[in-house]
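*Asks:* Below are the sequence and a predicted model; questions follow.
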Amino acid sequence: MAKLTINEDACKGCSLCTRVCPKHILELNREKLNAKGYHPIHCINMDECIGCASCARMCPDVVFTVER
Amino acid sequence: MAVVFEKTKMLTDVPFHYCPGCTHGIAHRLLAEAIEELGKEDEAIGVAPVGCAVFAYNYFNCDMMEAAHGRAPAVATGIKRVHPDKLVFTYQGDGDLASIGTAEIIHAAARGEKITTIFINNAIYGMTGGQMAPTTLEGQVTTTSPYGRKKEHCGLPIKMSEIIATLDGAAYVERVSMHDVPNIIKAKNAIKKALQYQIAGKGFSFIELLSTCPTNWGMTPADALEWLKDNMIPYYPLGVKKEVEL
C-alpha cells in the first residue's frame, strides 16, 4: 500500500521517472496540459505502486511525494 | 502511512527554470537534502555561479551570494573567513569552474579553504548555447566543434577532480554520477561527506557530479543519461580521488 502525490504543474514531461519505475505504472498524460504547457506525468495504476520512491529520486523537478 | 519522500525544506517553492530532464535539478535536491540531514539549515551560505545555475540563489532556502563568472571560490573564501562557523558552499558548472574560474578553484584548494565545491560536469557550455568546454570529450560535437573535438587542436578534456586531488589543501575529492538511482544515492552520500569534512575543519572538499545537457547534446533526457554512462564515465572514472582522515 503506497500513495504517490504528483505536483503536476512542476512536471516538464522529461519521462526520466518512467525509466526507473520498477512497476512501469508512470506515463505522460496525453489528455492534459499543465501550466507550463507540458503533458504531466501520471500514475496509471496506483494499486501497484510499492512506494520505492525511485521516481522521486530520479525526478529533476522534485514533483513527487511518496507515502508508504 | 508515513511519508517516505517529500521535497526538502532547504529548497524554496520556486520551480526550477532548467530544461526538461536536466540533472541540475537532481544536484540541487541532493545538496539541499544533505544540508538538511546535517541540521545546518540555518548555517548554510551558498555561492551561485554564472551559467545555467546562475539562478541557484532562487532555489536554495538559505543565504546565497552571486559571484562573477568563475569567482565563486574567491567569494566563498571571503564569506568563510568572516563567518568561520558557517557552512559555505559553491555550486559551479564546468564552463564556470574548469575554464574562466580555473585559477580561483585551484588556489582555493591549494590554500585549503574550508569550503565545499559542488562541480557540475556536463561536458558542454549550457547557458550560452552548447559551445565546447574544457571538459568536452574527444570527438564530441558542439556548436564550436562541429566536426567533433580534435586532440591535435584542443587537447584532451581536463579532469578537474584528479587535478584538485594533487593539492595538499584538498581534504576530500570524489567524482560521482547521476545517471541512475543507485548512483544518485551515492552522489548524495558523497556531498554529505564533503560537507562533514568542512564541518570538521579538515580543509577543502570537492564533489564532481557527471551531468547531462539533453538540450545542447541534442538528445532525449533518457538517451542523454545513457550517453553519460557509455561515454563520460570511461573518461571520467568515478570514485574517491582524495580522502584525508576525518
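*Replies:* Yes, it's here. Numbering: from 1, shown residues only, chains lettered A, B, ... in the order given.
*Asks:* from here on, contacts and neighbour counts on C-alpha atoms
*Replies:* Fine.
*Asks:* Quick one: name the residues of chain B near chain A.
*Replies:* B:1-7, B:15-16, B:19-26, B:29, B:180-181, B:184, B:220-222 (CA under 8 Å from any CA of the partner chain).
*Asks:* Narrow those to just the buried residues.
*Replies:* For these, a burial check counting by 16 or more other CA atoms under 10 Å in any protein chain shown picks out B:5, B:7, B:15-16, B:19-26, B:29, B:180-181, B:184, B:220-222.
*Asks:* can you tell me which of those residues are in strands?
*Replies:* With DSSP state E as the criterion, strands contain B:F5 from among those.
*Asks:* so of the buried ones among the residues of chain B next to chain A, which ones are in helices?
*Replies:* If you go by DSSP state H, these have B:H24, B:G25, B:I26, B:R29, B:V181, B:I184, B:P221, B:A222 in helices.
*Asks:* Just the endpoints, please. Distance across stretch B:196-204?
*Replies:* Using CA to CA, to the nearest Å, the end-to-end distance of stretch B:196-204 comes out at 11 Å.
*Asks:* Pull the residues that contact that stretch.
*Replies:* Outside stretch B:196-204, the residues within contact range by CA atoms under 8 Å, 6 or more residues apart in numbering or on different chains are B:87, B:108-109, B:112-116, B:169-172, B:205, B:244, B:246.
*Asks:* Distance to A:N45 for the ones in helices among the buried ones among the residues of chain B next to chain A - can I get that in a markdown table?
*Replies:* Formatted as a markdown table, those follow (distance: CA to CA, whole Å):
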| residue | distance to A:N45 |
| --- | --- |
| B:H24 | 30 |
| B:G25 | 27 |
| B:I26 | 26 |
| B:R29 | 27 |
| B:V181 | 22 |
| B:I184 | 26 |
| B:P221 | 24 |
| B:A222 | 23 |
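*Asks:* Quickly check those for the two that are furthest apart.
*Replies:* B:R29 and B:A222 (19.2 Å; CA to CA).
*Asks:* would you say B:A68 is within a strand?
*Replies:* No - using DSSP: H, G, I helix; E, B strand; the rest coil, the assignment for B:A68 is coil, not a strand.
*Asks:* What's the PyMOL syntax to select whichever of the contacts of stretch B:196-204 are buried?
*Replies:* Here is the PyMOL selection string for the buried members of the contacts of stretch B:196-204, based on 16+ other CA under 10 Å:
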select buried, chain B and resi 87+108+109+112+113+114+115+116+169+170+171+172+205
